[in-house]
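Engineer: can't give you the sequence, but here's the structure:
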């Protein structure tokens, strides 16, 4: 009999965190797992750690490959998987011991193609913040896309979810691009006939200095804008009631990239990119100011951006010092 869940772990140079991650998967209360470790050409001891764990646990498969990026590593794991359900864990994160038991139980209870849970945002030196109340929500496609785009109860991320493998029959993560999760999430939700969200937090997402989301601006960051522009087009075509929600998320992607540029020591190198993003945000000024999903500090920053890019840059730097 094949396993019930294939857990795919892309790995690249995460030696200091890898054992914690693997222990949290190996120790799951739901045991019928296939654990696929994709060593994406690591140059530290990550590959050796993978082999060590595979020798101790027959549920573990290891794929050693040249470094080609997160998307190709995930796709290799999908191709190697044999279970009817798929899960993903990033190798510098870890999961609660009962995460997959919970996700599978909810998937079976609601006959769901996608089962989601909440996550902890973990920062060094800070206690993770717990959500106020737990909710169990059986969602339509429209409700799920709205919740994911608003990124409050859950988000676009691949790794706090359990998927029926059939969803990936014609969907793969985009090769050579970052913001991988954002590129595919709407496609997956549009294919899912039943979706369940349990907001209890079971995934521990580690915000590390030097990780993709916390590092200085790089041209690859522009894929965030591309991903949400793609989602906006999909939603315009398939779910027009959510156009404003998709547009809001697209504007957030512009802010995300612009803020990184504002903080970059070599900001002058990206003047053309900066100009294009500023133009698009200014064009949507009234939409941003009127939309309640943008908070007061973001609306203030947007007002400053209308007056002066340098005023906006100063605002971004002050806000970053407040939170980091």
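Structural biologist: Cool, got the structure. Note that this is a predicted model, so its numbers are computed, not measured.
Engineer: state which strand of this structure is the longest.
Structural biologist: When the chain is parsed with DSSP state E, its longest strand is strand 195-207.
Engineer: mind checking how far the helix or strand following it is from the chain centre?
Structural biologist: Using DSSP states H and E, the helix or strand that follows strand 195-207 towards the C-terminus is helix 223-238. Relative to its parent chain, helix 223-238 has a centroid offset of 16 Å by CA atoms, centre = their mean, to the nearest Å.
Engineer: counting by contacts, list what helix 223-238 packs against.
Structural biologist: Contacts defined by 3 or more CB pairs under 8 Å, 6 or more residues apart in numbering; DSSP states H and E place helix 223-238 against helix 180-191, helix 243-263. Heads up, the C-betas are built off the backbone N, CA and C, glycines and all.
Engineer: quick one: buried residues of that helix?
Structural biologist: Residues of helix 223-238 classed as buried by neighbour count (16 or more other CB atoms under 10 Å): 223, 224, 225, 226, 227, 228, 229, 230, 231, 232, 234, 235.
Engineer: return the most buried member of the helices and strands packed on helix 223-238.
Structural biologist: helix 180-191 (a mean of 22; mean count of other CB atoms under 10 Å).
Engineer: what is it packed up against?
Structural biologist: By 3+ CB pairs under 8 Å, 6+ apart, helix 180-191 packs against helix 70-80, helix 141-150, helix 223-238.
Engineer: name the residues that touch the first one?
Structural biologist: With CB atoms under 8 Å, 6 or more residues apart in numbering as the contact definition, helix 70-80 has outside contacts at 6, 8-12, 36, 38, 40, 61, 63, 65, 86, 88, 158, 165, 168, 172-178, 180.
Engineer: swap in stretch 259-266?
Structural biologist: Counting by CB under 8 Å, 6+ apart, 216-217, 221, 267, 270, 273-274, 277, 312-313, 316-317, 320 sit against stretch 259-266.
Engineer: repeat for stretch 31-38
Structural biologist: Residues outside stretch 31-38 that contact it (CB under 8 Å, 6+ apart): 2-11, 22, 25-26, 50, 53-54, 57, 59-63, 65, 73-74, 76-77, 80-83, 100.
Engineer: so of those residues, which ones are in strands?
Structural biologist: Reading strands off the contacts of stretch 31-38 with DSSP E, I get 5, 6, 7, 8, 9, 10, 11, 60, 61, 62, 63, 65.
Engineer: quick one, what contacts the last one?
Structural biologist: In other words, residue 65. 38, 39, 40, 41, 73, 76.
Engineer: make TSV from those residues and add distance to residue 250 and pLDDT to it.
Structural biologist: Shown next, in TSV, are the contacts of residue 65 (distance: CB to CB, whole Å; pLDDT from 0 to 100):
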residue	distance to residue 250	pLDDT
38	31	99
39	35	99
40	30	99
41	33	99
73	27	99
76	30	99
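Engineer: just those now: which is nearest residue 18?
Structural biologist: The closest of the contacts of residue 65 to residue 18 turns out to be residue 39 (CB to CB; 10.0 Å).
Engineer: which SS state does that closest one fall under?
Structural biologist: strand (DSSP: H, G, I helix; E, B strand; the rest coil).
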